[in-house]
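1. I'll drop the sequence and a predicted model, then ask my questions.
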Amino acid sequence: MDFKKLIFFMALAVILAAGISGFSVSDIINDGDNTSEAEDTDLDQDKANTVAWEGSEADLEVSIHEDRVAGYNLEIESNSFVFDPENVNLHHEPGHGHAHVYADGEVIARIYSEYSHLYLPEGTTEVKVVLASNDHRLYESNGEILSSKETIIN
């Protein structure tokens, strides 16, 4: 067997093995992140994909402070939510997940812990932090998306 055929069959075996194990080719190419840019850029679209909050009352507080050097420091506080970066893109576990950060309705970051750094455009920007489950559905409670927002003038 020549070298080109060997490479072809090895690549085919990897693709088939990935399909059997539940991954798609796009998962392999995108390092497991199966959200496309179009799926993950518009808060209004994301609001259609929610999951009800379960358990104790949901709480979320966001603080954004100007960094001494550049940009802004974001702090997310919640006593009822568990950041769970090890399980992102996997199954839903109530009260676990990550946060989506939106600037003027467009997603700018995913946050996997209580602290992050942001660069924001010049002018007035509405920053909204939304709690999301491991499978990226937005948490809602009493018909409202679990979120907190601040307006930043840069």
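-> All right, it came through fine.
2. now Leu131: how far from Gly143?
-> Distance, Leu131 to Gly143, by Cβ to Cβ, to the nearest Å: 15 Å. Every C-beta, even on glycine, is put in place using the N, C-alpha and C of the backbone.
3. Mind checking which of those two has more residues around it?
-> Leu131 (27 against 7; other Cβ atoms under 10 Å).
4. Thought Phe83 was touching the more buried one, still the case?
-> No. Judged on Cβ atoms under 8 Å, Leu131 makes no contact with Phe83 at a distance of 9.6 Å.
5. Can you pull the residues that touch both of those two?
-> Common neighbours of Leu131 and Phe83, using Cβ atoms under 8 Å, 6 or more residues apart in numbering, are 97, 99.
6. Which residue ranges of this structure form strands?
-> Using DSSP state E, the strands of the chain run over 50-52, 61-66, 72-77, 82-83, 96-103, 106-111, 115-118, 124-132, 138-141, 144-145, 147-153.
7. any idea which of those is most buried?
-> For these, average neighbour numbers computed from mean count of other Cβ atoms under 10 Å are highest in strand 96-103, which has a mean of 22.
8. Which secondary structure elements does that one sit against?
-> If you count contacts as 3 or more Cβ pairs under 8 Å, 6 or more residues apart in numbering; DSSP states H and E, strand 96-103 packs onto strand 82-83, strand 106-111, strand 124-132.
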